[in-house]
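Visitor: Give me a model of this one.
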Amino acid sequence: MKPRGNLVRLKQFQVNEKRRQLHQLDIMIADFERMARELDFQLNAEETKAGISDVNHFAYPTFAKAARLRRDNVKNSQSDLLRQRTAAEPCLAEAEAELSKAQMLEAQRQRPRPRTRQPKRHDRLSRMASARLIRDTRLAVGAREACGHCKDISVLMQR
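Guide: This next block holds a predicted model:
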């Protein structure tokens with residue numbers, strides 16, 4: 001059987017890995033956002049310089065076309081990363097839940113178990129004495145009933 005300490009470490013590693021992946025996705029999304037803003041700025045500057053903002057115009061600058069295409073690709077990549085991040089969040093939540101379960105199991109394992117109370121010797125002796133007393137009483141009652149003259153006492157003792 002696998003020790004639970006290793007299980008806790010494994011689950012902690014998985015949680016840390018998921019968090020690292022989410023952090024990486026956040027960084028990449030922010031980088032793509034910054035690149036898209038820079039490309040927008042360059043695109044606007046090129047269109048202003050040429051004086052043409054119509055993409056279908058025959059004299060539209062080639063650099064502006066390339067910058068627009070690149071910006072669109074960056075935005076598409078950014079939206080893909082956002083979808084990946086949205087899909088990764090439940091995985092992190094699941095890994096955190098598994099980690100908490102493993103930690104609870106470890107805590108239960110480390111907690112001392114309550115020992116069942118062993119009857120002490122004098123308790124056993126007193127129970128044995130009580131059992132002998134009951135047995136002797138029944139025998140005495142049985143003997144009185146057999147002789148017949150002590151029936152009223154035996155009836156009283158049975159109540």
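
Visitor: Let me see the mean pLDDT of the strand or helix carrying Ala129.
Guide: For Ala129, the element it lies in under DSSP states H and E is helix 121-147. The predicted model gives helix 121-147 an average pLDDT of 64.

Visitor: likewise stretch 67-78?
Guide: 96.

Visitor: Just give me how far it sits from the chain centre.
Guide: Taking CA atoms, centre = their mean, to the nearest Å, the mean C-alpha location of stretch 67-78 is offset from the chain mean by 38 Å.

Visitor: any low-confidence regions in the protein?
Guide: Filtered on pLDDT under 70, the chain yields the residue ranges 1-4, 113-125, 137-159.

Visitor: got the residue ranges for the strands in it?
Guide: Read by DSSP state E, the chain holds no strands at all.

Visitor: For it, which residue occupies the most central location?
Guide: For the chain, Ala97 is the residue whose C-alpha lies nearest the centre (CA atoms, centre = their mean; 1.2 Å).

Visitor: now it: how far from Ala64?
Guide: Per CB to CB, to the nearest Å, Ala97 is found 50 Å from Ala64. Any C-beta I mention is one placed from the backbone N, CA and C, and that applies to glycine too.

Visitor: Next, count neighbours for Leu82.
Guide: 13 (other CB atoms under 10 Å).

Visitor: Surely Arg85 is in contact with Ile29?
Guide: Yes: counting by CB atoms under 8 Å, Arg85 touches Ile29, with 6.9 Å between them.

Visitor: how near is Cys91 to Arg34?
Guide: From Cys91 to Arg34 the distance is 27 Å (CB to CB).

Visitor: go on, Gln110?
Guide: Taking CB to CB, one finds Gln110 at 48 Å from Arg34.

Visitor: List the contacts of stretch 45-52.
Guide: Here stretch 45-52 makes contact (CB atoms under 8 Å, 6 or more residues apart in numbering) with 53, 59-61, 63-64, 67.

Visitor: want to try JSON lines for the residues you listed, with neighbour count as columns?
Guide: Putting the contacts of stretch 45-52 into JSON lines (neighbours: other CB atoms under 10 Å) gives the following:
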{"residue": "Ser53", "neighbour count": "13"}
{"residue": "Ala59", "neighbour count": "8"}
{"residue": "Tyr60", "neighbour count": "17"}
{"residue": "Pro61", "neighbour count": "16"}
{"residue": "Phe63", "neighbour count": "14"}
{"residue": "Ala64", "neighbour count": "20"}
{"residue": "Ala67", "neighbour count": "21"}
